[in-house]
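Asks: this is a predicted model, with the sequence first.
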Amino acid sequence: MELLNDQGLRLDGRKPDELRLIKCKLGIFTHTDGSAFVEQGNTKVIAVVYGPHEVRNVHRAKTSADGAFVNCQYSMAAFSMSERKKRNRGDRKSTEATIHLHQTLAAVIRTELMPKSQIDVFIEVLQSDGGNFAASVNAATLALIDAGIPLREYVIACTASLGTGNVPMVDISNLEESLGGPTLTVAVLPRSSQIALVEMSQRFHLDFLEPVLKMAMKGCDYTFKVLDMAVESYLSEIGKPNNWGQA
Amino acid sequence: MLDSAAIEDFILDQKKYEENIPYESFLPENVKFKTYEAKLSEVYKDGKRADGRTRDESRKMYIKLGALVEARGSCYLEIGDTKVLCGVSGPREIPYLQGYTELGSVDCVVESNPASPSDKAYSDALKRALEPSFCRHEFPNLEISVSVMILDASGSALAAAITAASLALAHARLPIFDILTSVTVGLHGDLLFIDPTDKEEALCMSYEKNSASQNHGLITLSYMSTADQITHYYQNGEMDLQLLLDTMDIGISRCKDIYALCQQRLMDEVKISMKTVTDTQNVEDSMKNLSTS
Amino acid sequence: MVRLSPEEKIYIIHGVEDNIREDGRSQTQYRPIEVETGIIPSAMGSARVKLGNTDVIACVKADTFTPTWNKPDEGKLQLHVDLSATASPWFEGRRGEQTSEEITTILNKAYESIKLESFCIVPQVKCWLVDVDISVLSCDGNMYDAIGFAVKAALATTMVPKIVASEEDEGEKELQITDDPFDTWTPNVSNIPCLVTLSKVGDSVMVDATNKEEQCSSFTCILAVTETGKILSTFKVGPGSVQPVTFSKLILEASSIGRSLHSELLSALKKENGLRKREIHGFLN
Amino acid sequence: MINFCVPGTRLCLAGDTHIPGTGTYERKGYIYSSLAGIVKITEKEKVFVVEVQTDKGQNIVPNPGDVVTAEVSVITQRYARCAIKCIRDTPLEKPLRALINREEVQATNKDQIEIHKSFRPGDIILARVLPIKELQSYQLTTAENELGVAIAYSDADAQMVPISWTEMQCPVTYNKEYRKVARVLPESDKVDKEK
């Protein structure tokens, strides 16, 4: 199977620079400080934020007077993939994603404002169809916004790959991931165009790095707009009783 | 000499021959597939159970308090062939305690030899059963540990473990609201077995596909007699409501019978163990009587 | 989880005893229950149940296995519960796994005595092994009832390609998956029970306790009730004891509540099935 | 007349004249036994206290307000860890962990308290149990004149003699060491105070 057909379309009919449909919702749970649901194509992710609160006993050693401790947990539901997962968390892949998530979020959360406290970010992947980590970062951003935690700006992640004829493709699905081709995941701070995290699954020639990275960042820009709109409409809705956004 | 082809033929023949024998005939006697009637008659025949009891008759019970020297309190209990040994220790500080707990906790471990998959469920059930009977408010931030060894599980093991644990608590002189007694009742169709053996338990957990009444199952309940409280109830199977309620009443009345026995046994033990104290008191009393007269 | 002060507990207990609970419900009233099936399209069957603020997803995965000799025509139903950290920070890491395991054993015990003859393909050769994965995403009390509901709803909407046995010459049976995508097997759910949790608060009994109410309860027991009102399993959770009289009352109540829950769920599923074109809302509504 | 009882035995009516003591509990107007042993009824200020006496086992736990005897095991700048050996007059079979916070060492000059000038590991102290709310171990206080170090040994292994509220002296080397010294009451006085 080719990643791109003769017409230059991808396996699911998308153009190389086309993202999958993004749907998102903030504030899906009431018992948390912040929560969000993000759906990118068939990838569905829930993010939940607790905090800032005092550092729990388990993490007592990580208390810092300089800033808040960001505690992340990335877990995949047993039914998220076509094969049943025996372990939801704690396996190599989830641990890696947890570390990456921590690095990404630590770059945007203004931890210095909340010394000696803890912020929990828990991710649950309900359905996995490629770009799980990217969707998790986006969901975590929305959940942090919902929780009212001070952020420098949004952090948005997106994936990109190289298709047939070295054409860069954005937002890789599970099928495309498994067919081969390198997957590059990038998390950026779109307003200041800074990169918080770059991760690559396999090697490709240095010459292609720039177009692929650019493609991924383009994807991030678009995702940012979608999420920003969602946040705006959510805020104007919950702020209605207080006349938010009205002069 | 046989050539290789002949050997192969022989092996094939042998295999074919073996295939024609139903695999059940290779199984040991006790796990062989049996018809329902055979299974039933093995357990219950002409109004008598395999061990000669009637259906509403418990097995003989033997209680020995203080069977373990090391433990603060202990009890060895036999119901028929089921044998359990229980030891109690504490109160001690709860390891790795996260916060202040107003009520003390009861840490229960049930073990059997060889280890059985139901051990963990039994530990949990024992904890649930004992918690309401133990005066937990007297031990904030502390825990007592109860460990039960099921030496021989021939039916009603959980019930035996609960009764033994409660007696061990009383023997340890730890405050409990009441002596807890427990009983298992098995149900199969319209047959009701009190204190079932392991074979009867297996029968009660299976069901006959074509029989009209499909009621079957096991009920284990533990009961505090003077307080009239059920502290643990576990039922599995399929039962009509009315039958369930009737069975519960029968179970409770049996618990009361066992209670009387346990009370008597414990009283005997107290009298012996307190002999030195009572003797000195007797002397004191008689001295007092002397002086007054 | 928020710890309640004794005063708050007294307030809640009095409310329950006066039959007006904190959120205005009566003792035997459930919170609004939302059921949506097919929430995970990649699964063979799935359902999300929202019971007040308790949120549970159940997903079905069916496989075949060779039955054991003593139960030649019985399939298997296995439940696996995962308490996600999204439900409470308490469930983060090892502790969540331990609690999940505990609940999994309790649930599997409750579902142990279900007759699963309908899960048989060819006796002694192949039977269905159905795994149900349950994710608890949010927990505001009464988790067991929500799980029971989700399991039943997910199983009722499960569609697995049918496996048929074709008779061969030598009497050996060959199993084949049908080519027709619309020829599917759906488990018979008439045997699957609903779980009813009853809590005793003060001198009264209530259903569907919230997290706060659970803290005030002195006795909680869970009953697995079939569609005909028979009891498959009863077990007590948490500390506390109860008088036999109250307990019999409790069982009778559970049976009638269980029956009405079944009929409600079945009619809801029927209604959902009748919708011509259905969009999956999930968390987006 | 000796009355034996087992847990759950109904002992007598509870009321103004009879109150439940150790080893008993009250339910629905009656006093029941919670232990196996002998029933003992003692009169205390015109009220009969119903108790159950046992031959073995110990069910005593430190209650807020109790005076305990403890051994200091670890000192830090903020607190002193100790092991409770004795509650009131009852020695414990197993020691219990406890904690004295710096602020709870003395009643005055709380901001100037230094733990190392108050206790040393190995000291035997008298302390009062504070109500526990959140923490896992028992909290003690020595902020009373009668509470503090009762027995301390010097480097020369001699029992030191108190010479002031804050100092003790070794009778062998005449070395002075700082301690939060307790005014140990004669036996008769102590009983009065506890009443």
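Replies: Perfect, thanks for sending it.
Asks: switch to C-alpha atoms for all contacts and neighbour counts from now on
Replies: OK.
Asks: measure the nearest residue to D:Cys170 once chain neighbours are set aside to B:Gly189 for me?
Replies: In space, and not counting its chain neighbours, D:Cys170 is closest to D:Met160: 4.5 Å by CA to CA, 6 or more residues apart in numbering or on different chains. D:Met160 sits 81 Å away from B:Gly189, going by CA to CA, to the nearest Å.
Asks: quick one: is stretch A:163-181 near chain C?
Replies: No. Using CA under 8 Å from any CA of the partner chain, stretch A:163-181 never reaches chain C; the gap is at least 12.7 Å.
Asks: end to end on that stretch, go ahead and measure it.
Replies: Start-to-end span of stretch A:163-181 (CA to CA) is 7 Å.
Asks: and the helices in the stretch 51-200 of chain B?
Replies: For the stretch 51-200 of chain B, the helices defined by DSSP state H, counting those that start in this stretch cover B:119-130, B:157-171, B:198-205.
Asks: ditto for chain A
Replies: A:92-106, A:132-147, A:174-178, A:206-238 (DSSP state H).
Asks: out of the ones you listed, which is closest to chain B?
Replies: Within the helices of chain A, the stretch nearest chain B is helix A:92-106; the backing value is 25.6 Å (CA to the nearest CA).
Asks: ok, and what's touching that closest one?
Replies: Helix A:92-106 is contacted from outside by A:70-76, A:89, A:133, A:137, A:141, A:155, A:187, A:196-197, using CA atoms under 8 Å, 6 or more residues apart in numbering or on different chains.
Asks: poorly predicted segments of chain B, please.
Replies: The model of chain B has pLDDT under 70 over residues B:1-2, B:16-34, B:97-99, B:208-213, B:293.
Asks: residue ranges for the strands of it, please.
Replies: B:44-45, B:48-49, B:61-65, B:73-79, B:82-93, B:105-112, B:142-152, B:180-188, B:191-194, B:216-224, B:229-239 (DSSP state E).
Asks: how big is the angle separating the helix ranked longest in chain C from strand B:216-224?
Replies: For chain C, the helix with the greatest residue count under DSSP H is helix C:244-274. Following axes from the mean of the first three to the mean of the last three CA atoms, to 10 degrees, one obtains 140 degrees for the angle between helix C:244-274 and strand B:216-224.
Asks: picking that back up, columns mean neighbour count on top of the strands of chain B, output as CSV?
Replies: Shown next, in CSV, are the strands of chain B (neighbours: other CA atoms under 10 Å in any protein chain shown):
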stretch, mean neighbour count
strand B:44-45, 16
strand B:48-49, 16
strand B:61-65, 18
strand B:73-79, 25
strand B:82-93, 24
strand B:105-112, 21
strand B:142-152, 22
strand B:180-188, 29
strand B:191-194, 21
strand B:216-224, 26
strand B:229-239, 25
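Asks: do you know which of these lies nearest C:Asn211?
Replies: Closest to C:Asn211 of these, according to CA to CA: strand B:105-112, at 21.5 Å.
Asks: still on that earlier bit, chain D: which of the contacts of helix A:92-106 is nearest?
Replies: Checking those against chain D by CA to the nearest CA gives A:Asn71 as the nearest, at 24.1 Å.
Asks: list the buried residues of the host helix or strand of C:Ser135.
Replies: Using DSSP states H and E, C:Ser135 maps to strand C:126-138. Neighbour-count burial for strand C:126-138 flags C:126-138 (criterion: 16 or more other CA atoms under 10 Å in any protein chain shown).
Asks: what's near enough to touch the closest residue to D:Arg183 other than its chain neighbours?
Replies: Counting by CA to CA, 6+ apart, D:Arg183 lies nearest to D:Glu146, which is 4.6 Å off, once chain neighbours are set aside. By CA under 8 Å, 6+ apart, the residues touching D:Glu146 are D:126, D:182-185.
Asks: ok, and what's touching stretch C:68-79?
Replies: Taking contacts as CA under 8 Å, 6+ apart, the residues outside stretch C:68-79 that touch it are B:33, C:67, C:104, C:107-108, C:111, C:115-120, C:122-125, C:127-134.
Asks: span of it from start to end?
Replies: Using CA to CA, one end of stretch C:68-79 lies 20 Å from the other.
Asks: and stretch D:63-83, what's its mean pLDDT?
Replies: What stretch D:63-83 shows for mean pLDDT is 90.
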